[in-house]
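> Model the following, please.
(one chain, ligands or ions: 1)
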Amino acid sequence: MRQYLKMDEWSIIEESFDPSTHEISESIFSIGNGYMGQRANFEEKYSGASLQGSYMAGVYYPDKTRVGWWKNGYPEYFAKVLNSTNWIGIHVLLDGVALDLAQCEVKAFVRELNMKEGYLSRRFTAVMEDGKELRVETVRFVSMKRHEIGAIRYAVTPLNFSGMITFVPYLDGDVKNKDSNYEEKFWLEVEKNAGPERSYLTLKTKKLDFHVTSVMSFDVTKNGTALELQPVLVENEKYVSSEVSFETAKDETLTLYKYVANVTSRDHGLGQLVEAGTAALSAAKSAGFDVLLQEQADAWAEKWKGSDIIIEGDVSAQQGIRFNIFQLNQTYTGEDDRLNIGPKGFTGEKYGGSTYWDTEAYCVPFYLSTADSSIARNLLIYRYKHLEKAKENARKLGFTKGALYPMVTMNGEECHNEWEITFEEIHRNGAIAYAIYNYVNYTGDKAYLGQYGLEVLAEISRFWEERVNFSKEKGKYVMLGVTGPNEYENNVNNNWYTNRIAVWTLEYTLEVLEELSKHEPARYKELVEKLGLREEETSKWKDIIANMYYPLDNERGVFLQQDGFLDKELVPVKELAPEHLPLNQNWSWDRILRSCYIKQADVLQGLYFLGDRYDLETKKRNFDFYEPLTVHESSLSPCVHSILACELGYQEKAYEMYLRTARLDLDNYNNDTEDGCHTTSMAGTWMAVIQGFAGLRVHNNELVLRPFVPSHWMSFSFKVMFRGSRLQVNVTEDSIIVANETETPAAIRIYDQSYTVGAMGEVRSKKSSMTV
Ligand code: BGC
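Residues are numbered from 1 along each chain as shown. Model (predicted):
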């Protein structure tokens with residue numbers, strides 16, 4: 001871990017250039033707009049270590065599975081978000097010599113990610129080998145308003161010389177995924193044209209026939225006056241460029257404005273890509289860079305209106321939480337229900353850019369509270385649309401009915417191929433069911449259940465029905481050979497969390513059926529027919545609910561993570577010498593699996609999800625037992641511990657857990673940020689503040705708050721959207737103020753007191769102490 005970024009409330013700032021941290025910065029300073037994302041690569045040539053990354057949401061490649069020993073049921077491919085045409089490139093030459101920050105001295109370097117207005121900027125002075133000094137200032141963004149548009153302003157000023165400056169803006173499709181399984185390139189050229197007005201390049205994927213067209217155009221000004229351009233046009237394999245050169249005197253500023261439209265066959269017909277790209281590009285170019293930049297600031301102001309968190313008294317925490325909110329909003333904007341949130345967003349290639357249970361378990365709460373409910377709804381509909389594939393997946397594994405959603409997917413098909421995860425980490429099905437409950441409970445949108453929710457719930461319930469078996473020996477239903485959320489144990493029997501979430505799904509499905517039969521009888525009938533749901537199935541579900549086996553330690557009064565957990569040697573993490581940690585880098589896999597150490601919240605994940613079904617004493621006993629054994633080697637873990645610790649009044653512990661992920665990428669805490677940011681766990685950090693410190697829940701149609709201010713902060717405030725209202729919540733040591741910024745009244749509860757915050761109204765409450 002090395003902290004090299006400047007503390008600032010609204011920006012991420014790097015104040016000198018260090019090639020050894022460049023790839024980390026490339027991840028951290030990434031920009032995105034939900035439709036495309038771009039690592040913070042330099043526009044000009046850079047011959048040092050770099051992961052060049054431009055990604056188009058939903059454009060992926062089914063890379064043939066690479067595995068040592070094939071097992072029946074493995075997926076044929078691993079879906080990868082595709083590294084696409086490098087659209088940002090601008091070669092810069094000084095009297096014919098390329099500007100390359102790996103080959104010159106770099107002075108006064110500042111790189112800034114302006115999170116308030118949504119752009120990336122850079123300024124530096126390059127000292128070339130021959131002593132020429134060039135001042136460079138750049139700004140770039142991908143437009144939130146015009147999602148196919150990226151724009152760059154690239155200004156250079158010779159400081160101590162006059163000479164010929166050449167710009168070569170280009171589109172380069174000869175790119176490769178770093179994580180390609182067979183070192184293969186995934187793109188083929190379709191067509192290209194380098195023209196005086198605009199150039200374009202169309203590529204298609206070798207499989208699946210995704211087409212992506214990038215169209216570029218540019219202007220150049222000298223000291224603000226437009227120059228006439230007579231570009232030298234170049235076309236090479238998967239490459240187009242335009243070269244323009246200008247005699248430039250010392251202190252004159254030459255500015256290149258590069259506009260690019262990236263359009264894909266996901267949104268346009270194959271024959272229309274160039275036309276669609278050109279139209280989007282022309283509109284953007286005629287608006288001009290400054291207008292586009294202002295639109296960007298306005299769009300981000302809107303985003304922040306619903307999602308900002310203000311922390312007083314701790315700039316580092318303020319920067320950390322805003323960075324997380326910023327990255328989440330850059331990754332998913334929710335307009336397109338075919339898209340989802342990869343664990344690394346658009347900031348790197350690890351994890352394939354696909355969808356994991358992270359979305360339902362961690363991201364859905366963020367979007368539910370910070371955006372219009374249609375956004376979280378689209379995340380749910382994404383899974384609804386994959387229901388048929390989830391059923392196919394269950395058949396492929398030998399189940400006669402039901403649906404098993406994939407652990408990792410791009411299009412609904414499973415593409416993960418480690419047996420203990422692919423076949424055994426079936427708890428993901430529970431998170432998908434839980435997200436439906438979470439959405440309906442938060443938004444009150446019960447109509448969703450009849451429209452989409454019930455079908456998913458019923459098919460998941462059918463899966464659980466077939467996945468359990470009745471143990472004659474125990475006289476109970478059991479679930480054998482699973483991996484729980486804790487991936488540091490595999491092939492265990494009766495993982496408490498999985499058994500519990502399975503039974504919870506059955507309970508909730510029955511509840512929804514009952515509700516529908518009462519309130520929407522016609523739809524109920526239709527769905528029962530469509531699903532072919534038989535009475536013997538629902539009876540079986542009831543029997544499983546009544547007779548499921550849960551491993552317990554009666555002496556300690558805790559739920560056991562799995563049948564054999566107490567056979568392990570239980571030595572708290574704090575007794576391990578520091579050189580053993582992290583275990584995944586220092587221990588053999590075998591040693592990890594036999595140990596008692598827990599990678600991420602497991603039993604505690606269940607107590608978090610089903611929090612209103614367990615009393616504080618039960619939560620406390622389990623927390624006290626499991627927290628000392630947890631190594632939190634998944635960044636998804638500390639937030640759940642933090643939230644429970646808040647509930648239990650363990651405020652210091654809660655803060656310690658929150659800190660584990662608050663600045664995970666900014667401080668490169670896990671030494672892996674160069675692979676990309678931990679986007680989905682950023683939602684977990686948000687949860688730690690909102691559901692942890694602020695204690696936000698939705699219960700009986702009220703938004704419940706039980707806040708406290710961590711002792712390291714003076715106060716904090718946040719925005720939250722709830723059933724048509726937008727609330728600003730301010731929490732200080734001794735008061736809580738909830739202001740309604742909309743005309744829609746909101747039913748809230750602060751501790752145990754209920755209120756209605758009227759249109760544009762306000763509620764003030766004195767803070768009572770926590771009752772634990
Ligand atoms: C975690 C999983 C998670 C995945 C992607 C793994 O390390 O154990 O729970 O889904 O990362 O974030």
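> buried sites along stretch 206-222?
Buried residues in stretch 206-222, counting neighbours by 16 or more other Cβ atoms under 10 Å, are found at 208, 210-218, 220, 222. Every residue, glycine included, has its C-beta placed from N, CA and C.
> Mind checking the pLDDT average for it?
Average pLDDT, stretch 206-222: 98.
> ok, now stretch 267-283?
Regarding stretch 267-283, the rounded mean pLDDT is 98.
> Which pair of the buried residues of stretch 206-222 spans the longest distance?
Of all pairs drawn from the buried residues of stretch 206-222, the greatest distance, 45.4 Å, lies between L208 and K222 (Cβ to Cβ).
> so which strand or helix has the closest residue to E647 other than its chain neighbours?
Nearest non-adjacent residue to E647, counting by Cβ to Cβ, 6 or more residues apart in numbering: K619, 6.5 Å away. Per DSSP states H and E, K619 falls inside helix 616-626.
> Over to L203?
strand 199-205.
> can I get the CA coordinates of that strand in PDB?
The C-alpha atoms that make up strand 199-205 are tabulated as PDB, following Å, rounded to 0.1, in the frame of the first residue of the first chain:
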ATOM      1  CA  SER A 199     -12.500   9.100 -40.200                       C
ATOM      2  CA  TYR A 200     -14.000   5.800 -39.100                       C
ATOM      3  CA  LEU A 201     -13.100   2.300 -38.300                       C
ATOM      4  CA  THR A 202     -15.500  -0.600 -37.900                       C
ATOM      5  CA  LEU A 203     -14.500  -3.800 -36.300                       C
ATOM      6  CA  LYS A 204     -16.400  -7.000 -35.500                       C
ATOM      7  CA  THR A 205     -15.700  -9.700 -33.000                       C
END
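> Parallel or antiparallel, which strands does that strand pair with?
strand 187-193 (antiparallel), strand 211-222 (antiparallel) (DSSP bridges).
> buried ones in the helix or strand in which T157 is found?
When elements are assigned from DSSP H and E, T157 belongs to strand 149-158. For strand 149-158, the neighbour count (16+ other Cβ under 10 Å) marks 149-158 as buried.
> And stretch 334-349, by the same measure?
Applying a neighbour-count criterion of 16+ other Cβ under 10 Å, one finds 334, 336-337, 339-349 buried in stretch 334-349.
> Need the distance between the two termini of that stretch.
End-to-end distance of stretch 334-349: 21 Å, with Cα to Cα, to the nearest Å as the criterion.
> Can you tell me which helices and strands the helix or strand of the chain with the lowest mean pLDDT packs against?
Each helix and strand of the chain was given a mean pLDDT (mean pLDDT, DSSP states H and E); the minimum falls on strand 77-83 at a mean of 91. Where contact means 3 or more Cβ pairs under 8 Å, 6 or more residues apart in numbering; DSSP states H and E, strand 77-83 is packed against strand 54-64.
> any idea of the angle the strand it packs on forms with strand 187-193?
Orientation check (axes from the mean of the first three to the mean of the last three Cα atoms, to 10 degrees): strand 54-64 against strand 187-193 gives 140 degrees.
> Adjacent strands (with direction) for strand 54-64?
Using DSSP bridges, the strands paired with strand 54-64 are strand 36-38 (antiparallel), strand 77-83 (antiparallel).
> Export these to TSV and append columns for mean neighbour count and distance to V232.
Below are the strands paired with strand 54-64 laid out as TSV (neighbours: other Cβ atoms under 10 Å; distance: least, Cβ to Cβ, whole Å):
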stretch	mean neighbour count	distance to V232
strand 36-38	27	26
strand 77-83	24	28
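> sorry, back to before: turn the strands paired with strand 199-205 into TSV, including distance to T661.
Shown next, in TSV, are those (distance: least, Cβ to Cβ, whole Å):
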stretch	distance to T661
strand 187-193	35
strand 211-222	34
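> do you know which of those lies nearest K64?
Using Cβ to Cβ, those put strand 187-193 closest to K64, at 16.0 Å.
> residues touching the residue nearest to T359 when sequence neighbours are not counted, list them.
For T359, ignoring the flanking residues on the chain, the nearest one in space by Cβ to Cβ, 6+ apart is I341 at 5.3 Å. The contact partners of I341, taken as Cβ atoms under 8 Å, 6 or more residues apart in numbering, are 328, 331-332, 355, 358-359, 363, 379, 679-680.
> Closest one to G402 out of those, please.
Ranked by distance to G402 (Cβ to Cβ), these are led by T355 at 19.8 Å.
> what's around that closest one, how many residues?
29 (other Cβ atoms under 10 Å).
> For beta bridges, what are the partners of it?
If you apply DSSP bridges, the partners that T355 bridges to are T409.
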